[in-house]
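> Starting from these lines, generate the structure:
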Amino acid sequence: MNPTSEPIFIAGFPLGSSAGLVTAFEWLGQPYRITRVDMLGEMRTDAYKRLNGRVETPVLITEEGDVLTETMAIALWLEARDTQRRISFEPGTPQAHRLHQYLAFLNTGFTGAFYPMWVALEARDATEGEKETLRKFGRSFVALRHEQLEAMMGDSDYLLGNKPTLADAVFAGVARWVDFHQAIEPRNYPRILALRQRIEADPAFRFAAAIEDGKPAIGSGAMKGLVPLETVLHHTSGALTA
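The predicted structure is shown next:
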């Protein structure tokens, strides 16, 4: 597989969780590129399946040309590069352990709570009754995870203190799904709502959202350009991903 000049982050749209990791890339400030992928179209092609056989985003192509999938794995890759500790903490410290706890919870329980509602949206052969059952379960799961996250949070501006970290980025990419699915009343979870509003007003997240929507955007300068999916697929053809 051919090496690249900068890592290429493959982000899905619409409403992909990938926007959170684009935000993290911006906060980190190191050079990277982005490939936008339509999750309802080109992501479902055989060519894309050769890149990620699970037909998902995000995907990262490292400078060495290696293919890395899964949000958690990419977040830990970012953490390893964060030698200035802009979005993470010194390995082995209580703060680093707490960061990993948040990342694991957000990437599993919090994100997974929305799964029944996504299934209901995409289940073409399901009856309306079956879809409503899925939506009902989804709403209850999302409410539970919001209650749990609200209880985990302190009174600081961000999840782990007074500066944003990888945990806040992963949170922001998923938390906005509440509005799309109308899953809960956000005002019932004031700490979570305040965190959402704080991050969504951040220039890094606004940049990520604009890129997701295909709109002109000015970021930190770390993003060095967009790479067409066809180019990525050409250079990674024949590669196998785990």
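> Okay, now the unreliable bits of the protein?
Across the chain, the ranges flagged by pLDDT under 70 are 1-4, 237-242.
> now the strands for it?
Taking DSSP state E, the strands of the chain run over residues 8-13, 32-38, 59-61, 67-69, 223-226.
> Take the first one, keep the C-alpha atoms, and write them as CSV.
It stands for strand 8-13. Once non-C-alpha atoms are left out, strand 8-13 reads as follows in CSV (Å, rounded to 0.1, in the frame of the first residue of the first chain):
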residue,chain,number,x,y,z
ILE,A,8,-6.2,10.7,5.4
PHE,A,9,-9.3,10.6,7.6
ILE,A,10,-12.4,9.1,5.9
ALA,A,11,-15.5,10.8,7.3
GLY,A,12,-19.1,9.8,6.7
PHE,A,13,-22.0,12.0,5.9
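> tell me which strands and helices it is in contact with?
With contacts taken as 3 or more CB pairs under 8 Å, 6 or more residues apart in numbering; DSSP states H and E, strand 8-13 sits against helix 18-28, strand 32-38, strand 59-61, helix 203-212, helix 229-235. In this view, the C-beta of every residue, glycine as well, is placed from N, C-alpha and C.
> run the last query once more with 10 Å
Contacts defined by 3 or more CB pairs under 10 Å, 6 or more residues apart in numbering; DSSP states H and E place strand 8-13 against helix 18-28, strand 32-38, strand 59-61, strand 67-69, helix 71-81, helix 203-212, strand 223-226, helix 229-235.
> Out of the ones you listed, which one sits most buried?
Mean neighbour count, computed with mean count of other CB atoms under 10 Å, is highest for helix 18-28 among the helices and strands packed on strand 8-13, reaching a mean of 26.
> Show me what that one is packed against.
On a contact count with 3+ CB pairs under 10 Å, 6+ apart, helix 18-28 meets strand 8-13, strand 32-38, strand 59-61, helix 71-81, helix 166-175, helix 190-200, helix 203-212, strand 223-226.
> before we move on, the earlier item: closest to R135 out of the strands of the chain?
Across the strands of the chain, R135 has its closest neighbour in strand 8-13 (22.1 Å, CB to CB).
> distance between that closest one and the chain's centre?
The chain centre lies 10 Å from the centre of strand 8-13; the measure is CA atoms, centre = their mean, to the nearest Å.
> still on that earlier bit, can you add distance to S88 and give the helices and strands packed on strand 8-13 back as CSV?
Listed next are the helices and strands packed on strand 8-13 as CSV, based on distance: least, CB to CB, whole Å:
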stretch, distance to S88
helix 18-28, 9
strand 32-38, 16
strand 59-61, 17
strand 67-69, 17
helix 71-81, 4
helix 203-212, 15
strand 223-226, 20
helix 229-235, 27
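> Which among the ones you listed is found nearest to P164?
Among these, helix 18-28 comes nearest to P164, with 6.1 Å by CB to CB.
> What angle do strand 32-38 and that closest one make with each other?
Interaxial angle of helix 18-28 relative to strand 32-38 (axes from the mean of the first three to the mean of the last three CA atoms, to 10 degrees): 170 degrees.
> quick one, longest helix in the chain?
helix 128-152 (DSSP state H).
> sorry, back to before: pipe the helices and strands packed on helix 18-28 into JSON lines and attach distance to Q182 per row.
Formatted as JSON lines, those follow (distance: least, CB to CB, whole Å):
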{"stretch": "strand 8-13", "distance to Q182": "20"}
{"stretch": "strand 32-38", "distance to Q182": "24"}
{"stretch": "strand 59-61", "distance to Q182": "30"}
{"stretch": "helix 71-81", "distance to Q182": "24"}
{"stretch": "helix 166-175", "distance to Q182": "14"}
{"stretch": "helix 190-200", "distance to Q182": "15"}
{"stretch": "helix 203-212", "distance to Q182": "20"}
{"stretch": "strand 223-226", "distance to Q182": "32"}
